[in-house]
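J.: This is a predicted model, with the sequence first.
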Amino acid sequence: MTRLSAEEEAIVELVARFVDNEVRPVVRDLEHENIYPEALIEQMKELGVYGLTIPEPYGPYAVTTQCYALVAEELARGWMSLAGAFGGHSVVSKLVLRYGTQEQREQYLPRMATGELRATMALTEPDGGSDLQALRTVAKRADDGYLINGTKTWITNARRSGLVALLCKTDPAAEPAHRGISILLVEKGPGFTVSRDLPKLGYKGVESCELHFDDCLVPHDALLGGTEGAGFGQMMAGLEVGRIQVAARAIGVARAAYDDALQYAQDRKTFGKPIWQHQSVGNLLADMATQITAARQLNLHAADCIDTGRRADMEAGMAKLFASEMAAKVTLDAIRIHGGYGYSQEFDVERYYRDAPLMIVGEGTNEILRNVIAKQAVGRRKLF
Ligand SMILES: Cc1cc2nc3c(=O)[nH]c(=O)nc-3n(C[C@H](O)[C@H](O)[C@H](O)COP(=O)(O)OP(=O)(O)OC[C@H]3O[C@@H](n4cnc5c(N)ncnc54)[C@H](O)[C@@H]3O)c2cc1C
């Protein structure tokens with residue numbers, strides 16, 4: 001299923017070593033103290049993680065979507081927050097690369113490739129994240145630029161991002177509404193405030209913020225690709241890679257839970273034998289291994305569709321839907337296998353269990369993805 005080159009396999013291996021040697025020894029402390037992982041992010045920059053989706057001449061080396069997914073999976077195996085910290089950045093990289101003007105590519109991509117400039121995407125608003133066509137943030141065209149007013153919420157990494165791909169309405173009266181939606185590439189400046197960090201169940205260390213735009217003026221050339229009204233379609237295409245990244249995060253978290261449970265089930269003895277030899281526990285491990293493998297294959301298939309120039313809207317949706325529901329189940333089963341220790345903060349399984357639900361909600365909820373898949377299924381008729 002994978003078409004990785006030897007060089008790409010070496011990249012995945014390098015990131016796996018980074019996770020084992022640098023991340024796993026410190027993750028529990030960072031998590032419980034909710035500390036931003038500055039040093040680990042710096043190492044990720046050095047490893048080239050922020051440039052994985054940015055090809056020459058802007059970046060040193062872009063990898064296939066399959067390799068990108070496997071790197072995200074490895075990082076999430078160490079700590080989901082690390083994989084989350086570059087998810088939105090990669091989507092914005094793809095957007096600028098695919099739809100940006102030549103000036104926008106030259107202005108942003110070289111610095112994004114090194115991680116010197118980090119980016120996030122701002123879609124969700126306090127009144128809704130699923131019904132994006134109803135969004136309320138407006139960018140009004142004036143002589144000297146676009147005047148932005150509105151509020152965004154749940155924006156990952158907003159404090160540390162120097163660039164925000166902002167989904168907003170440049171024509172609030174447009175019918176249908178998506179024709180009035182555009183993406184503006186917004187840098188920090190007057191009228192733009194990161195107003196609040198949102199407390200949350202998991203995904204610790206990395207900030208999720210509310211953003212306020214109050215008469216924030218950006219130049220006309222902040223409009224992605226220079227075309228008004230194209231933003232909704234641009235963002236939907238970008239989200240295909242985003243959903244593969246979220247699926248990879250779910251698989252990484254589930255793998256970590258499985259690894260810990262597999263070890264524990266061999267070490268822990270009851271009734272005179274290792275607990276994996278009790279059929280109920282062995283069955284849990286068997287189901288975990290099967291489900292994780294299935295999710296990985298679905299995700300690699302979605303990534304392969306992108307790598308071979310095929311559409312991946314349905315496939316990325318399926319991968320994210322299946323992998324995230326799988327991770328929620330696998331992480332709970334890992335707690336079962338650990339018994340009381342599964343509930344302890346001195347073990348990692350409670351973290352996996354808290355991190356898993358984000359992948360059900362983020363990058364399009366699973367309910368929305370089922371709508372997408374059903375529409376595609378009816379439209380395409382043939383599954384294969
Ligand atoms: C930690 C975290 C990080 C995030 N990072 C980002 C980010 O960086 N950028 C960003 O823009 N957003 C981000 N989000 C927001 C996330 O994408 C949204 O929360 C998500 O899209 C859902 O939107 P909502 O919360 O407004 O729920 P709603 O849209 O209000 O949905 C509520 C419920 O109704 C269901 N529902 C709604 N409409 C339908 C329908 N038509 N059919 C069936 N069910 C439906 C939903 O599935 C859900 O169960 C993040 C969220 C979290 C928790």
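T.: Nice, I can see it.
J.: Could you chop the chain up by domain?
T.: Following automatic domain parsing, one finds the domains of the chain at 6-117, 120-227, 233-380.
J.: Name the spans of the stretch 151-300 of the chain whose pLDDT lies under the cut-off.
T.: Nowhere does the stretch 151-300 of the chain drop to pLDDT under 70.
J.: Redo the domains of the chain as a markdown table? Include mean neighbour count.
T.: C-beta: built from backbone N, CA, C; applies to glycine. Shown next, in a markdown table, are those (neighbours: other CB atoms under 10 Å):
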| stretch | mean neighbour count |
| --- | --- |
| domain 6-117 | 20 |
| domain 120-227 | 18 |
| domain 233-380 | 20 |
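J.: which stretch among those comes nearest the ligand?
T.: For the ligand, the closest of these is domain 120-227, at 2.4 Å, according to CB to the nearest ligand atom.
J.: re earlier: now the domains of the chain in CSV, with distance to the ligand?
T.: Supplementary listing: these in CSV, determined by distance: least, CB to the nearest ligand atom, whole Å:
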stretch, distance to the ligand
domain 6-117, 5
domain 120-227, 2
domain 233-380, 3
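J.: Test my guess that L239 contacts E363.
T.: Yes: at 6.1 Å, L239 counts as touching E363 under the criterion of CB atoms under 8 Å.
J.: which residues of this protein fall in strands?
T.: For the chain, the strands defined by DSSP state E occupy 119-122, 138-142, 145-156, 163-169, 181-187, 192-197, 208-218, 269-270, 273-274.
J.: export those to JSON lines and tack on distance to R17?
T.: Compiled in JSON lines, these are given as follows (distance: least, CB to CB, whole Å):
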{"stretch": "strand 119-122", "distance to R17": "27"}
{"stretch": "strand 138-142", "distance to R17": "44"}
{"stretch": "strand 145-156", "distance to R17": "26"}
{"stretch": "strand 163-169", "distance to R17": "30"}
{"stretch": "strand 181-187", "distance to R17": "35"}
{"stretch": "strand 192-197", "distance to R17": "32"}
{"stretch": "strand 208-218", "distance to R17": "29"}
{"stretch": "strand 269-270", "distance to R17": "32"}
{"stretch": "strand 273-274", "distance to R17": "29"}
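J.: of the ones you listed, which approaches E367 most closely?
T.: For the strands of the chain, the distance to E367 is smallest for strand 145-156, at 16.9 Å, taking CB to CB.
J.: orientation of that closest one relative to strand 208-218 in degrees?
T.: Per axes from the mean of the first three to the mean of the last three CA atoms, to 10 degrees, the angle that strand 145-156 makes with strand 208-218 is 170 degrees.
J.: Measure how strand 145-156 sits relative to strand 163-169, angle-wise.
T.: Going by the same axes, to 10 degrees, strand 145-156 makes 110 degrees with strand 163-169.
J.: could you say what helices and strands strand 145-156 packs with?
T.: Judged by 3 or more CB pairs under 8 Å, 6 or more residues apart in numbering; DSSP states H and E, the packing partners of strand 145-156 are strand 119-122, strand 138-142, strand 163-169, strand 181-187, strand 208-218.
J.: repeat that with 7 Å
T.: With contacts defined as 3 or more CB pairs under 7 Å, 6 or more residues apart in numbering; DSSP states H and E, strand 145-156 has these neighbours: strand 119-122, strand 138-142, strand 208-218.
J.: Would you mind putting the ones you listed into CSV with distance to T53 alongside?
T.: As requested, the helices and strands packed on strand 145-156 are exported to CSV (distance: least, CB to CB, whole Å):
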stretch, distance to T53
strand 119-122, 11
strand 138-142, 26
strand 208-218, 22
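J.: Nearest to E103, out of those?
T.: That would be strand 208-218 among the helices and strands packed on strand 145-156, by CB to CB, at 14.4 Å.
J.: Run through who's touching that closest one.
T.: Residues from elsewhere that reach strand 208-218, judged by CB atoms under 7 Å, 6 or more residues apart in numbering: 122, 137, 144-156, 158-159, 184, 186, 189-198, 200.
J.: ok, 6 Å please
T.: Contact with strand 208-218 is made by 145-156, 158, 184, 186, 191-198, as judged by CB atoms under 6 Å, 6 or more residues apart in numbering.
J.: Tabulate the CA atom coordinates of stretch 286-297 in CSV.
T.: Provided in CSV are the C-alpha atoms of stretch 286-297 (Å, rounded to 0.1, in the frame of the first residue of the first chain):
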residue,chain,number,x,y,z
ALA,A,286,-6.8,-8.6,18.7
ASP,A,287,-9.5,-6.1,17.9
MET,A,288,-7.2,-3.2,18.6
ALA,A,289,-4.5,-4.5,16.3
THR,A,290,-7.1,-5.2,13.6
GLN,A,291,-8.8,-1.8,13.8
ILE,A,292,-5.6,0.1,13.8
THR,A,293,-4.3,-1.7,10.8
ALA,A,294,-7.6,-1.1,8.9
ALA,A,295,-7.5,2.6,9.8
ARG,A,296,-3.9,2.9,8.6
GLN,A,297,-4.7,1.3,5.3
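J.: what's in contact with that stretch?
T.: Outside of stretch 286-297, the residues within contact range by CB under 6 Å, 6+ apart are 1, 251, 254, 258, 322-323, 326, 330, 333.
J.: 10 Å instead, please
T.: The contact list for stretch 286-297 (CB atoms under 10 Å, 6 or more residues apart in numbering) reads 1-2, 69-70, 73, 247-248, 250-252, 254-255, 257-258, 261-262, 276, 279, 319-327, 329-331, 333-334, 337.
J.: now, which of these lie within helices?
T.: 69-70, 73, 247-248, 250-252, 254-255, 257-258, 261-262, 279, 319-327, 329-331, 333-334, 337 (DSSP state H).
J.: nearest residue to V23 other than its sequence neighbours?
T.: Setting aside the residues directly before and after it, V23 is nearest to G78 in space (CB to CB, 6 or more residues apart in numbering), at 3.5 Å.
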